[in-house]
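Engineer: coordinates only, sequence not included:
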């Protein structure tokens with residue numbers, strides 16, 4: 001686990017948020033979200049047996065915070081921090097319990113947010129940095145980089161309904177003795193509230 005790099009990324013994001021926030025006159029809004037993540041993990045286990053790959057599907061929790069920073073017209077920068085349980089069902093070749101990978105995802109979305117008296121249609125996406133929590137049994141994980149797409153609707157009273165899809169781009173397996181490749185992706189369904 002390479003902690004200093006993770007701290008540099010978090011510090012960089014906080015500095016970027018501060019600079020962006022101080023550059024624009026419109027006030028940012030803070031939001032909370034909570035929902036479920038329907039995930040799919042693919043694990044290529046290190047074995048010479050044919051068909052040694054495993055696919056796991058599962059439902060886990062998704063929750064976090066975000067900041068909507070108005071840029072120009074109806075364009076919003078939405079950085080956030082989310083705990084995502086990329087849970088699974090089924091058994092691994094090496095472990096009886098299904099693997100459950102928990103990440104701190106840091107999305108940096110650029111969103112179109114339509115202006116209306118009744119609410120706002122939200123659509124957009126951006127990159128996601130996923131920092132794994134502790135290893136799950138022998139599956140030690142590396143930092144993930146992915147792409148996120150989001151669509152939703154925010155009511156005028158602040159409540160919102162959101163659907164997002166996050167696709168992990170790289171191999172997150174750190175222990176090649178157990179798994180030569182691990183990839184993750186999930187569909188998030190959540191409700192939110194802007195303050």
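Structural biologist: Structure received. Since we're looking at a predicted model, the values are computed, not measured. Numbers count the residues shown, from 1 in each chain.
Engineer: would you list every one of the strands in the chain?
Structural biologist: Using DSSP state E, the strands found in the chain span residues 29-45, 53-70, 75-86, 101-113, 119-132, 144-155, 159-168, 179-194.
Engineer: Compare the ones you listed and say which comes out lowest on pLDDT.
Structural biologist: Of all the strands of the chain, the minimum mean pLDDT falls on strand 53-70 (a mean of 84).
Engineer: Could you give me the buried positions within that strand?
Structural biologist: By 16 or more other Cβ atoms under 10 Å, the buried positions in strand 53-70 come out as 54, 56, 58-60, 62-64, 66-70. Any C-beta I mention is one placed from the backbone N, CA and C, and that applies to glycine too.
Engineer: just stretch 121-135 next, same as before
Structural biologist: Under the neighbour-count criterion of 16+ other Cβ under 10 Å, stretch 121-135 has 122, 124-126, 128-132 buried.
Engineer: chain center to that stretch: distance?
Structural biologist: Relative to its chain's centre, stretch 121-135 lies at 3 Å (Cα atoms, centre = their mean, to the nearest Å).
Engineer: mind listing what the closest residue to residue 61 other than its chain neighbours touches?
Structural biologist: Spatial nearest neighbour of residue 61, chain neighbours left out: residue 85 (4.8 Å); criterion: Cβ to Cβ, 6 or more residues apart in numbering. Going by Cβ atoms under 8 Å, 6 or more residues apart in numbering, residue 85 touches 37, 39, 60-62, 100-102.
Engineer: Show me which of the buried residues of strand 53-70 is closest to residue 157.
Structural biologist: Nearest to residue 157 among those: residue 68, at 15.4 Å, using Cβ to Cβ.
Engineer: which residues touch the closest one?
Structural biologist: Going by Cβ under 8 Å, 6+ apart, residue 68 touches 28-31, 76-78, 111, 113, 194.
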